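> I'll drop the sequence and a predicted model, then ask my questions.
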Amino acid sequence: MVEAYQRRSALAHFGLNALASQKADGAGITLGESAHRAIINIRGDAKDPAFTAAVKNATGCDLPAAANTVATAGDVRILWLGPDEWWVVGTDARRAGLIDGLRSAFAGQHTNVTDVSESRTVITMTGPAARDVLARGISLDLHPRAFGPGQCAQTSLSRTNVLLHQTDNAPSYEIYVLKSFADYLWRWIGLIAEDFGMAVKAE
Amino acid sequence: MFVINCPYCGPRDEHEFGYGHEAHIARPTLEQQGTMSDAEWANYLFLRTNTKGVHFERWVHTKGCRRWFNVARHTVTHEILKVYKMGEPKPDISAENLPR
Ligand SMILES: [Zn+2]
């Protein structure tokens, strides 16, 4: 883990606070970064009641068994990645507690807990044009009949591997991306957003 | 481009997947390995059926759940006739016996 005073978000070099102060009337999307989240990869058998109970115990959140869905409880979210794989996502402050809690709740079970927090950052995108911007680089059907709030998908956005999570009907999306691809993806979204107008959210 | 129905994530664009060549090729057991000839090794390692018709093949959902699974695909029409999980038996599908 990086010393707190040395921690720098993957998109800090864009100066998001300065960009956020610029006027952007009628912007189709507002882009921001939600950096330094706790992201904990867990593996286990969703059909094993001991496993699902342990997850609930440690996080307070139900394990989403349905494909491409997200469960939320307070400031903790669990995102479905695969038939036996999930991300537990929380605030940075919860990171150590969640990891320790999961490891002790899983004691004796055939499971796995891996801290992957430092690998990703999250680009947040909200606004009436968000769907149109994403559609330029994604093969998923984002129409409300096919993809709505509470759903997530691992896919590619402009050839970059991402985990996309829709959080509300604005529509708002959270895009989990490897830190080393974040600069490229932010610039690509900015390019597409020239057609729709873009505002930036302060850090 | 075609749409592949990942048995875990549902229908996704072909570019999210990787191709893993012919399915149902069993690795020789340790016992067999001790007595196999070069020709038998060559057959296991390199020789494939090169089917014109229904081909059973492995795919991996690289950009999604990263799971491997099997697909029965018609190599002339590219029609995907069945998608099934690893470990499930080879389905009884042939050019003369297409599911309709
Ligand atoms: Zn999948």
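Structure received.
> please enumerate the helices of chain B.
B:30-35, B:38-45 (DSSP state H).
> okay, and the beta partners of the residue most central in space within chain A?
When Cα atoms, centre = their mean is applied to chain A, the residue found nearest the centroid is A:Tyr176 (4.1 Å). Listed by DSSP bridges, the beta-bridge partners for A:Tyr176 are A:Val122, A:Leu163.
> nearest spatial neighbour of A:Cys61, chain-adjacent residues omitted?
Leaving aside its sequence neighbours, A:Cys61 sits nearest to A:Ala73 (Cβ to Cβ, 6 or more residues apart in numbering or on different chains; 3.8 Å). C-betas here are computed from N, CA, C, even on glycine.
> can you say which of the helices of chain B is nearest to chain A?
helix B:30-35 (25.5 Å; Cβ to the nearest Cβ).
> can you show me the CA trace of the closest one as PDB?
The C-alpha trace of helix B:30-35 is given here as PDB (Å, rounded to 0.1, in the frame of the first residue of the first chain):
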ATOM      1  CA  LEU B  30       0.100 -40.300 -17.200                       C
ATOM      2  CA  GLU B  31       0.000 -44.000 -17.900                       C
ATOM      3  CA  GLN B  32      -0.700 -43.500 -21.600                       C
ATOM      4  CA  GLN B  33       2.000 -40.800 -21.800                       C
ATOM      5  CA  GLY B  34       4.600 -43.400 -20.800                       C
ATOM      6  CA  THR B  35       3.900 -45.600 -23.800                       C
END
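> which other helices and strands contact the helix or strand bottoming out on mean pLDDT in chain A?
For chain A, using mean pLDDT, DSSP states H and E, the weakest element among its helices and strands is helix A:16-20, scoring a mean of 93. When contacts are defined as 3 or more Cβ pairs under 8 Å, 6 or more residues apart in numbering or on different chains; DSSP states H and E, helix A:16-20 sits against strand A:198-200.
> 10 Å instead, please
Helices and strands touching helix A:16-20, by 3 or more Cβ pairs under 10 Å, 6 or more residues apart in numbering or on different chains; DSSP states H and E, are strand A:29-34, strand A:198-200.
> I am finished for the moment; much appreciated.
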